[in-house]
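*Asks:* The sequence isn't on hand, but the structure is:
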């Protein structure tokens, strides 16, 4: 109570044996007789109105065997415990099979559980008598939920494309939306507010990953790391009307800048562009067997370049945007190099793929060059190919784009190559030419094109 440390407190805080009082009294009387003489009065005055009951513990042979790995009979266990002053409690009606009850003496307050008794048995029996055996463990296969399997596989796939993962705080500054030039009425400005923010810079929950990614790029570029491929796979927090908790959809954000290949004498110094990131996205969606991806020019996002961005769709559902970050946005984040960024919602992935055996018959190619309006996109050509191509038209590749002498203003020349192959027979030249002519005729009609 007074905070004073004495020899008495030192002793009692470690536990004093109350049953040692008669023993200490007899020893004191013996010393007095030995030193000073006299006679000990008959009887003892003992003021102990509420004697403490002795603790009783039960030990079982089954538990002892499970812990020590050796079989000890109940009689042997009782013999060992009796040797250190523990009293065997006679059971009423005989000992239950494999169970022994002992009374704990007052000088062993450390014995509180069955495992303490087993420890004493091991010590007294001898550790050298315990045979070394490997523990028997039951290995249970831990199955992850399907969504965790997919996110893990997606993360591995992005890393395999050369990206490094970054993990940013979900708490952001509301000023980031101004840097992205989001309109005042944009729903992404309506954030979940933190009740007790540490700073104003971490006062709201983010509704998109792009600003955090741009901040990470800016920090790395400030450290003179110029060639970057980063991604983040994290949830965002979207308020729900009338709900206390927000919606937390999972988003994937990718960003690239710098050179296309590592520095070296055998590689060039070409910088990455829109099509590098577009190719990564197509690889990911093809690997996870998502629905057919379609691209619509201009993402309509104020933080992306209007002429160098696109919106992704799958099965008519908007997936996200990809494009070059707008120069004004880059300046707001103190970034002085072109950056290409994509932010996507995750659709249903890993669908069952259709299985088609490889054809045993040879393929054949036909090339054509079409004169098209500048407004015609590659996506339109691929969509028409998917609808109008014959069943033997396997693949379409756009391998050349030309603007210059011989091509009128407002036009472009696109060269395409179609691969034909049948799964039933070897196609003749007449069959291939007929199928290719029909395809080119459809393209010219639908796209107002001219065959060169």
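*Replies:* Structure received. Please read all numbers here as calculations on a predicted model, not as lab measurements. Numbering: from 1, shown residues only.

*Asks:* wait, isn't residue 343 in contact with residue 319?
*Replies:* No - the pair residue 343 / residue 319 is not scored as a contact, 9.7 Å apart, by Cβ atoms under 8 Å. (Glycine included, C-beta is placed from N, CA and C.)

*Asks:* What are the structural domain limits within this structure?
*Replies:* Following automatic domain parsing, one finds the domains of the chain at 11-129, 146-345, 364-451.

*Asks:* Return the distance of the longest one from the chain's centre.
*Replies:* Using Cα atoms, centre = their mean, to the nearest Å, the mean C-alpha position of domain 146-345 is found 18 Å from that of the whole chain.

*Asks:* got it, and the first one?
*Replies:* On the basis of Cα atoms, centre = their mean, domain 11-129 is displaced by 54 Å from the centre of the chain it belongs to.

*Asks:* Output the below-cut-off pLDDT ranges for the stretch 1-150 of the chain.
*Replies:* 1, 92-96 (pLDDT under 70).

*Asks:* That should have said the stretch 251-400 of the chain, apologies.
*Replies:* Ranges of the stretch 251-400 of the chain meeting pLDDT under 70: 289-291, 347-356.

*Asks:* measure residue 168 to residue 19 for me?
*Replies:* Going from residue 168 to residue 19 by Cβ to Cβ, to the nearest Å gives 65 Å.

*Asks:* Look at these two and report which has more neighbours.
*Replies:* Using other Cβ atoms under 10 Å, the more surrounded residue of residue 168 and residue 19 is residue 168, with 16 against 13.

*Asks:* Once you drop chain neighbours, what's closest to the more buried one?
*Replies:* residue 212 (3.9 Å; Cβ to Cβ, 6 or more residues apart in numbering).

*Asks:* Please apply the same query to residue 180.
*Replies:* residue 303 (4.2 Å).

*Asks:* and what of residue 218?
*Replies:* residue 333 is the one closest to residue 218 (Cβ to Cβ, 6+ apart), at 4.9 Å.

*Asks:* burial count for the one you found?
*Replies:* Neighbours around residue 333, by other Cβ under 10 Å: 21.

*Asks:* Could you double-check that it sits in contact with residue 179?
*Replies:* Yes - using Cβ under 8 Å, residue 333 is in contact with residue 179, at 6.2 Å.

*Asks:* Report the separation between residue 179 and residue 302.
*Replies:* Distance from residue 179 to residue 302, by Cβ to Cβ: 11 Å.

*Asks:* Ok, residue 377 next?
*Replies:* Taking Cβ to Cβ, one finds residue 377 at 22 Å from residue 302.

*Asks:* quick revisit: mutual contacts of residue 333 and residue 179, please.
*Replies:* Listed as contacting both residue 333 and residue 179 by Cβ atoms under 8 Å, 6 or more residues apart in numbering are residue 214.

*Asks:* any shared contact partners between residue 179 and residue 302?
*Replies:* Residues touching both residue 179 and residue 302 (Cβ under 8 Å, 6+ apart): residue 329.

*Asks:* okay, the two: which has more neighbours?
*Replies:* Using other Cβ under 10 Å, the more surrounded residue of residue 179 and residue 302 is residue 179, with 18 against 14.

*Asks:* Skipping its backbone neighbours, what lies nearest the more buried one in space?
*Replies:* Nearest to residue 179 is residue 332, by Cβ to Cβ, 6+ apart, at 4.0 Å.

*Asks:* Quick test: name the residue nearest the centre of the chain.
*Replies:* Compute the mean C-alpha point of the chain, and by Cα atoms, centre = their mean the closest residue is residue 152, 6.5 Å away.

*Asks:* Pretty sure it sits in a helix.
*Replies:* Yes - counting by DSSP: H, G, I helix; E, B strand; the rest coil, residue 152 is found in a helix.

*Asks:* Would you agree it is in contact with residue 146?
*Replies:* No - between residue 152 and residue 146 no contact is recorded; they are 10.8 Å apart, counting by Cβ under 8 Å.

*Asks:* now what about the top helix by length along the chain, what contacts it?
*Replies:* Taking DSSP state H as the criterion, the chain has its longest helix at helix 429-447. Applying Cβ under 8 Å, 6+ apart, the contact partners of helix 429-447 are 364, 366, 368, 370, 372-373, 376, 380-381, 384-385, 388-390, 392-393, 418, 420, 449-451.

*Asks:* Direction included, what does the helix or strand following that helix pair up with?
*Replies:* Proceeding N to C from helix 429-447, the next assigned helix or strand is strand 450-451, under DSSP states H and E. Strand pairing for strand 450-451, determined by DSSP bridges: strand 364-373 (antiparallel).

*Asks:* Next, the buried residues of the partner strand.
*Replies:* By neighbour count on 16 or more other Cβ atoms under 10 Å, the buried set for strand 364-373 is 364, 366, 368, 370-372.

*Asks:* Let me know the closest of those residues to residue 183.
*Replies:* residue 372 (34.9 Å; Cβ to Cβ).

*Asks:* Let me see the mean pLDDT of the longest helix of the chain.
*Replies:* The pLDDT scores in helix 429-447 average 91.

*Asks:* Distance from the chain centre to that helix, please.
*Replies:* Using Cα atoms, centre = their mean, the offset of helix 429-447 from its chain centre is 49 Å.

*Asks:* where along this structure do the helices fall?
*Replies:* For the chain, applying DSSP H gives helices covering 7-12, 21-36, 61-68, 74-82, 114-125, 146-160, 176-179, 210-222, 274-287, 327-332, 378-388, 429-447.

*Asks:* Helix 378-388 and the longest one, what's the angle between them?
*Replies:* Computed by axes from the mean of the first three to the mean of the last three Cα atoms, to 10 degrees, the angle separating helix 429-447 from helix 378-388 equals 130 degrees.

*Asks:* Who are the contact partners of residue 281?
*Replies:* 254, 293, 312, 322, 342, 344.

*Asks:* Go through those residues and flag which are in strands.
*Replies:* 254, 293, 312, 322, 342, 344 (DSSP state E).

*Asks:* Can you spell out which residues form a bridge with the closest residue in space to the fourth one that isn't next to it in sequence?
*Replies:* So that's residue 322. Once flanking residues are discounted, residue 322 sits nearest to residue 342: 3.7 Å by Cβ to Cβ, 6+ apart. For residue 342, the beta-bridge partners are residue 254, residue 322 (DSSP bridges).
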